[in-house]
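No sequence on hand, only this structure:
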């Protein structure tokens, strides 16, 4: 299998192989090995040139050349130095199979070379002699075997260390890249969550304000001939509601542009003002608010206010406005419970199936560590929310 190499590195490998062949070719031609040895040397040069491009083929070619050396009786020892670089690259750049074959080649090749040098060629630096063949030298074989295994094994081990180092560097780069992608993803999630929060606030503000404006405008139109003063009251309520909504919407749009600034967080007293504002629309509200027994964070106060606001807006839009809406808030050291109940008009679509308000209330309660339920029958629609004090933890409402 061919590995992807940069052109400059491949050219460098080829140049190194050419220099290797040219430097050793002259001494080989002048030696006893002649042209056969020169051919083996050139073959090793080719194996050197492709050692990193294709470690598998380079290792296979080295084996073929070694067998040719032994069977043809040529032994240009200088050419065999290429085997060290080939073994190194088989461990450093080859796949798992090539690395294992490189280790086997180091062990088996060292054994074969030691046997050949000790038993076939009695003098590694000269020609084979009949006496050397007849009298094997065990000590020389052992010495050659240890030396060859040390050199070949060292070459393979250095390549394996280079592979481990390169893998560690690549893993570190991959981890850094993954951390960058994770940070980017977390940033995008945070942005999306902020946009969803702003969208919820926008929905609550606009839906509530428009419901109040519509109710006041319809009421003023119906009573203008009977009670002209009621028209002025309705117009004042419309003006105040629209002005507050416009101010809140401007803050939300500023958040979208600059990712900073928050809407003023409603406090416990704002719930009474919310009920008074809804009463000004003609909605009858029986309220019982007691939030003095619990300390809520700013986020929980906002969730409580928005859930109450959405519930009363739904009661105004979808409920029977001729009958009173019951608003109850009870608190203790663990949290606060909100209950909003209104009568429903027979045949009118339930709030849960007509928009995103109910889903938004449930999500607000969940983000605060609480729970919100909204359900009804043919007579009443009831919203119940429980929000914890202190550290948020999910609890149910019985």
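Looks like it arrived, so ask away. Computed from a prediction, not measured in an experiment: that's the story for all the values here.

Count the neighbours of residue 344 for me.
Residue 344 has 20 neighbours, counted by other Cβ atoms under 10 Å. Quick note: C-beta positions are derived from backbone N, CA and C, even for glycine.

List the contacts of it.
Each residue near residue 344 by Cβ atoms under 8 Å, 6 or more residues apart in numbering is listed here: 318, 319, 320, 350, 376, 378, 379, 380, 381.

May I ask which of those residues comes out lowest in pLDDT?
Here the lowest pLDDT out of the contacts of residue 344 sits on residue 350, with 59.

Okay, now the unreliable bits of the stretch 101-250 of the chain?
120-136, 191, 194, 198, 224-225, 247-250 (pLDDT under 70).

if I pick residue 50, what's in contact with it?
13, 57, 58, 61.

out of those, which one sits closest to residue 241?
For the contacts of residue 50, the residue nearest residue 241 by Cβ to Cβ is residue 13; the value is 79.1 Å.

how many other residues sit next to that closest one?
19.

residue contacts, it?
5, 48, 49, 50, 51, 52, 53.

rerun at 10 Å
5, 48, 49, 50, 51, 52, 53, 85, 89 (Cβ atoms under 10 Å, 6 or more residues apart in numbering).

Closest to the centroid, which residue in the chain?
Centroid-nearest residue in the chain: residue 182, 4.2 Å away (criterion: Cα atoms, centre = their mean).

Using the three-state scheme, assign that one.
Three-state call for residue 182 (DSSP: H, G, I helix; E, B strand; the rest coil): helix.

Likewise for residue 322?
Residue 322 is classified as coil under three-state DSSP.

Based on its surroundings, how many neighbours for it?
9.

Repeat that for residue 299.
If we define neighbours as other Cβ under 10 Å, then residue 299 has 15 of them.

isn't it right next to residue 370, touching?
No - Residue 299 is beyond contact range of residue 370, at 11.1 Å (criterion: Cβ atoms under 10 Å).

From residue 41, how far out is residue 289?
The gap separating residue 289 from residue 41 is 98 Å, by Cβ to Cβ, to the nearest Å.

Check residue 283 too.
From residue 283 to residue 41 the distance is 101 Å (Cβ to Cβ).

would you list every one of the helices in this structure?
Taking DSSP state H as the test, the helices found in the chain are 7-30, 34-49, 55-72, 82-93, 96-115, 130-134, 138-223, 228-258, 268-279, 298-318, 357-367.

so how far is the longest one off the chain centroid?
When C-alpha coordinates are averaged (Cα atoms, centre = their mean, to the nearest Å), helix 138-223 and its chain have centres 3 Å apart.

Point out the other helices and strands that that helix packs with.
Applying 3 or more Cβ pairs under 10 Å, 6 or more residues apart in numbering; DSSP states H and E, one finds that helix 138-223 makes contact with helix 82-93, helix 96-115, helix 228-258, helix 268-279, helix 298-318, helix 357-367.

run the last query once more with 7 Å
Applying 3 or more Cβ pairs under 7 Å, 6 or more residues apart in numbering; DSSP states H and E, one finds that helix 138-223 contacts helix 82-93, helix 96-115, helix 228-258, helix 298-318, helix 357-367.

For residue 17, which of those helices is the nearest?
Per Cβ to Cβ, nearest to residue 17 of those: helix 82-93, 8.4 Å.

still on that earlier bit, what's the closest of the contacts of residue 50 to residue 117?
residue 61 (21.6 Å).

List the contacts of the closest one.
43, 46, 47 (Cβ atoms under 7 Å, 6 or more residues apart in numbering).

before we move on, back to that, in JSON lines, list the helices of the chain along with distance to residue 326.
Converted to JSON lines, the helices of the chain look like this (distance: least, Cβ to Cβ, whole Å):
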{"stretch": "helix 7-30", "distance to residue 326": "80"}
{"stretch": "helix 34-49", "distance to residue 326": "90"}
{"stretch": "helix 55-72", "distance to residue 326": "81"}
{"stretch": "helix 82-93", "distance to residue 326": "78"}
{"stretch": "helix 96-115", "distance to residue 326": "73"}
{"stretch": "helix 130-134", "distance to residue 326": "113"}
{"stretch": "helix 138-223", "distance to residue 326": "19"}
{"stretch": "helix 228-258", "distance to residue 326": "23"}
{"stretch": "helix 268-279", "distance to residue 326": "11"}
{"stretch": "helix 298-318", "distance to residue 326": "10"}
{"stretch": "helix 357-367", "distance to residue 326": "17"}
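
how about the ones you listed, which one is nearest residue 345?
helix 298-318 (7.4 Å).

May I see the buried residues of the closest one?
300-318 (16 or more other Cβ atoms under 10 Å).

roughly how far is that helix from the heart of the chain?
Using Cα atoms, centre = their mean, the offset of helix 298-318 from its chain centre is 36 Å.
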